[in-house]
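Enquirer: Got a sequence here, can you build the structure:
(2 chains)
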Amino acid sequence: MSTLKVNAITDAAGANGNAITLASDGTCTAKITNNLSNRNLIINGGMQVSQRSTSANAPSSGYATLDRWKFQINNGTITTSQGSTAYTDVPYKEGHRNYLRLLNQSGVGAASNQYIQTDYHIEAQDIANSGWDYVNSNSKITLSFWVRSSIAQKFQGFLMSQDGTSYIHPFEISNNGSNLTANTWTKVTKTFGGNGSLTINNDTGSGMRVSFTPIYGTQFTDNSISLTDWTAISGGTYCRDMTTTWSTTTNATFDITGVQLEVGSVATDFEHRSYGDELARCQRYCVDFPVSSQLGLGQVYSGSGWVQLPVALPVTMRTKPSVTKNGSYWFNSNVGNAGHSGDRTVTVENPSPGAHMYRLFVQAGSNAANAVTVWCQIHDAAGTYMRLEAEL
Amino acid sequence: MIITEAKYFKIPDSTQNGVTTSYPNSSITCKIDGVYWGVPIDLENTHYQEIKRQLDAGTLTVEAAD
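Expert: Numbers count the residues shown, from 1 in each chain, chains lettered A, B, ... in the order given. Next up is the predicted model:
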């Protein structure tokens, strides 16, 4: 090994000052032009935030466990969960304590119309304002992630534009072209150029989808699809043919973590964010009010049998959210010392999307006289919640 | 996405200074894959996008509000 001892590094012309200036204390000052902060376009790529649940059966289409990670399944039972890395896992040493797991609980099979995937939808304006010149093939974005499977095989994934005509850019999830080694973490890096046909709006809709697919049946695959450019979706082809071992193996697992998508042709180190920062970003799309949450004061509305209840949000949500709830007695309303719980209907009402506060309408309890002020809370029975979702 | 028991919701009429105000439909309550949802009538909301898609396709009907 040799050591280069210099005070500065400059470009060949030398007319623009030092690119790197080294100080006598071993530190340096560098003119770095990469966007170093907020460069990861993926929220919760480290799989830290799981407001809904840490383990659940994946829905046919929707969100179940880790924030921002959507599931789509045609048939069968897939359990999704937030796993914890061990010190012996390579991602652990890079600061990843969690991963997303897909467990093929039932051996879902490999029918031609089968699909199992986890998707990340990037809000369009986050891509549009990222600095990626997405219509220019020389402008690059780079996707990097850690992946582990209990089955030694290759998998497929793809980027998919969402505005205008959808274009797709498949990629292979492999160990430099070879099968992943079973039960071994592998770092995968893929770089994508822009394409003059891509459309990405500067709005709050979905602008780009990143999909990881443990299985896509032959109805959705074609080995002739390009792995090096964008292709208009035609005939329902999304990626190349896949090995079906994972999908036909009961209890096979597929794990990912450290997902980063950044502008540029190089995968930089994963951008670690604090839990609080990551949670706040997730709450633009989902705000969970867990068991026993205190919602505050509401008022019985105009003798209608409904309580109108202002709810403050931690961040501005992407758009006017849907509301869901769980529990036979999920809503508790108190007038003085008298409390009533029940499975009440609830809706979100608000004249302007993008607000920090929404007005909920909740069916009132039997003690709700007109204009009475009531104290509202989520009931304290285990598993009870109310949730606002503005997901993509 | 299986949507059932869909019903419009509108804010109940209110009366102030003797004047009654009525409101249009503002949400749809329903079950999506068996789970209750209150979905605002908002084209940016992805649940509503799916409800509208099924409505337009004629595969879903929504009961009138009370």
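
Enquirer: which SSE is A:Val348 in?
Expert: Secondary structure assignment for A:Val348, by DSSP states H and E: strand A:346-349.

Enquirer: Enumerate every residue touching A:Val287.
Expert: Taking CB atoms under 8 Å, 6 or more residues apart in numbering or on different chains as the contact definition, A:Val287 lies against A:Gln51, A:Leu313, A:Pro314, A:Met317, A:Pro321, A:Arg387, A:Leu388. Where you see a C-beta, it was placed from the backbone N, CA and C, and this is true even at glycine.

Enquirer: tell me which element the fourth one is part of?
Expert: I take that to be A:Met317. Here A:Met317 is covered by no helix or strand, with elements defined by DSSP H and E.

Enquirer: Name the strands paired with the strand holding A:Val348 and say parallel or antiparallel.
Expert: Paired neighbours of strand A:346-349 in the sheet (DSSP bridges): strand A:357-363 (antiparallel).

Enquirer: In the helix or strand following the strand it pairs with, which residues are buried?
Expert: Counting by DSSP H and E, the next helix or strand C-terminal to strand A:357-363 is strand A:373-378. Along strand A:373-378, these residues count as buried under the neighbour rule (16 or more other CB atoms under 10 Å in any protein chain shown): A:Val374, A:Cys376, A:Gln377, A:Ile378.

Enquirer: can you list the residues that contact the helix or strand following strand A:373-378?
Expert: Scanning forward in sequence from strand A:373-378, with DSSP H and E defining helices and strands, the next element found is strand A:385-389. Under the contact criterion CB under 8 Å, 6+ apart, strand A:385-389 has outside partners A:51-52, A:63, A:285-291, A:293, A:295, A:311, A:313, A:317, A:321-327, A:330-331, A:346, A:348, A:358, A:378, B:47.

Enquirer: Out of those residues, list just those in strands.
Expert: Secondary structure of the contacts of strand A:385-389 is defined by DSSP state E; positions in strands are A:63, A:286-289, A:295, A:311, A:322-326, A:331, A:346, A:348, A:358, A:378.

Enquirer: need the contact list for the closest residue to A:Thr384 other than its chain neighbours.
Expert: Nearest non-adjacent residue to A:Thr384, counting by CB to CB, 6 or more residues apart in numbering or on different chains: A:Gly327, 3.5 Å away. The neighbours of A:Gly327, taking CB under 8 Å, 6+ apart as the test, are A:Asp343, A:His379, A:Ala381, A:Gly383, A:Thr384, A:Tyr385.

Enquirer: Close to chain B: what parts of chain A are there?
Expert: Contact residues (CB under 8 Å from any CB of the partner chain) of chain A with chain B: A:59-62, A:204-205, A:301-302, A:304-306, A:318-326, A:345-350, A:353, A:361, A:389-392.

Enquirer: hmm, try it at 6 Å
Expert: Taking CB under 6 Å from any CB of the partner chain as the criterion, chain A approaches chain B at residues A:59, A:61, A:302, A:304, A:319-320, A:322-324, A:345-349.

Enquirer: which of these sit farthest apart?
Expert: Within those, two members stand farthest from each other by CB to CB: A:Ser61 and A:Ser302, at 38.0 Å.

Enquirer: Could you list everything A:Gln308 pairs with in the sheet?
Expert: Beta-bridge pairing of A:Gln308 under DSSP bridges involves A:Gln299, A:Phe361.

Enquirer: and it, how many neighbours does it have?
Expert: Residues near A:Gln308, counting by other CB atoms under 10 Å in any protein chain shown, number 19.

Enquirer: Quick check: the gap between it and B:Val19.
Expert: Separation of A:Gln308 from B:Val19 (CB to CB, to the nearest Å) stands at 19 Å.

Enquirer: next one: A:Gly45
Expert: Relative to B:Val19, and taking CB to CB, A:Gly45 is found at 53 Å.

Enquirer: Between the two, which has more neighbouring residues?
Expert: A direct count of neighbours by other CB under 10 Å for A:Gly45 and B:Val19 places A:Gly45 higher, at 27 against 7.

Enquirer: What pLDDT is listed against that one?
Expert: The predicted structure scores A:Gly45 at 98 on the pLDDT scale.

Enquirer: for the closest residue to A:Gln363 other than its chain neighbours, what are its contacts?
Expert: Once its chain neighbours are removed from consideration, A:Gln363 has its nearest residue in A:Arg344; the separation is 4.0 Å (CB to CB, 6+ apart). By CB atoms under 6 Å, 6 or more residues apart in numbering or on different chains, A:Arg344 lies in contact with A:Phe331, A:Val362, A:Gln363.

Enquirer: Just say helix, strand or coil for A:Arg344.
Expert: Each residue gets one of three states, and A:Arg344 gets coil by DSSP: H, G, I helix; E, B strand; the rest coil.

Enquirer: now do A:Tyr92
Expert: Secondary structure of A:Tyr92, reduced to three states by three-state DSSP: helix.

Enquirer: Outside of the helix or strand bottoming out on mean pLDDT in chain B itself, list whatever touches it.
Expert: Of all regular secondary-structure elements in chain B, judged by mean pLDDT, DSSP states H and E, the least confident is strand B:14-16 with a mean of 81. Outside strand B:14-16, the residues that touch it by CB under 6 Å, 6+ apart are A:Ser302, B:Thr21.

Enquirer: what bridges to the residue nearest the centre of chain B?
Expert: If you average the C-alpha coordinates of chain B and look for the closest C-alpha using CA atoms, centre = their mean, you land on B:Ile28, 1.6 Å from that point. The residues listed as beta-bridge partners of B:Ile28 by DSSP bridges are B:Tyr8, B:Val39.

Enquirer: so what's it up against?
Expert: If you count contacts by CB under 6 Å, 6+ apart, B:Ile28 has them with B:Ala6, B:Tyr8, B:Val39, B:Ile51, B:Val62.

Enquirer: Now for the third one, how many residues are close by?
Expert: Burial measure for B:Val39: 28 neighbouring residues, criterion other CB under 10 Å.

Enquirer: Against B:Ala65, how distant is it?
Expert: 13 Å.

Enquirer: do the same with A:Leu22
Expert: Using CB to CB, one obtains 71 Å as the distance from A:Leu22 to B:Ala65.

Enquirer: before we move on, what about A:Ser265?
Expert: A:Ser265 sits 54 Å away from B:Ala65, going by CB to CB.

Enquirer: same check, this time on A:His340
Expert: Distance, A:His340 to B:Ala65, by CB to CB: 24 Å.

Enquirer: sorry, back to before: for PyMOL, write the select line for the buried members of the contacts of A:Gly327.
Expert: Isolation of the buried members of the contacts of A:Gly327 (16+ other CB under 10 Å) is achieved in PyMOL through the command below:
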select buried, chain A and resi 379+384+385
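
Enquirer: Right, I'll call it a day here.
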